[in-house]
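1. Could you look at this predicted model? Sequence included:
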Amino acid sequence: MEQFVLEGHIGSLVASFLLGLIAYFIKQLHKDFKKVVQDLDEMRSANAIRYAETQAAHKLLNQRLDFMEWRLDMMAPLSKSNLTTLSKKKNETDQ
């Protein structure tokens, strides 16, 4: 009879140890998931910042491009008249 009680105690100790071990690994897994979620949130916020910076840079480049096009449009009539006078002078010197 005492042997069954002893085996029962050993069995319950082994079961308790295994359940404790399982609980420990589940706790570690939960910590890892929390860390992954935190890292993912940090990555999302960093990507949002990069996206906003990229959009701002894109808008600034478009503004600069529009300004350069405007300047070229303003200078185009001047350069055409200069080209015609330069070509006339060249033709006169060639003759």
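-> In hand now; what should we look at?
2. how much space between the residue nearest in space to the middle of the chain and T54?
-> Centroid-nearest residue in the chain: N47, 3.4 Å away (criterion: C-alpha atoms, centre = their mean). Using C-beta to C-beta, to the nearest Å, N47 is found at 10 Å from T54. (C-beta placed from N, C-alpha, C; glycine too.)
3. Can you show me the helices along this protein?
-> Under the criterion DSSP state H, helices of the chain are mapped to 2-94.
4. May I have the predicted confidence score for E7?
-> Predicted confidence (pLDDT) for E7: 75.
5. how much space between it and L13?
-> 11 Å.
6. go on, Y51?
-> Counting by C-beta to C-beta, the gap from Y51 to L13 is 57 Å.
7. so what's T54 up against?
-> Contacts here follow C-beta atoms under 8 Å, 6 or more residues apart in numbering; on that basis T54 touches nothing.
8. now it: how far from A48?
-> 11 Å.
9. With M74 instead?
-> 39 Å.
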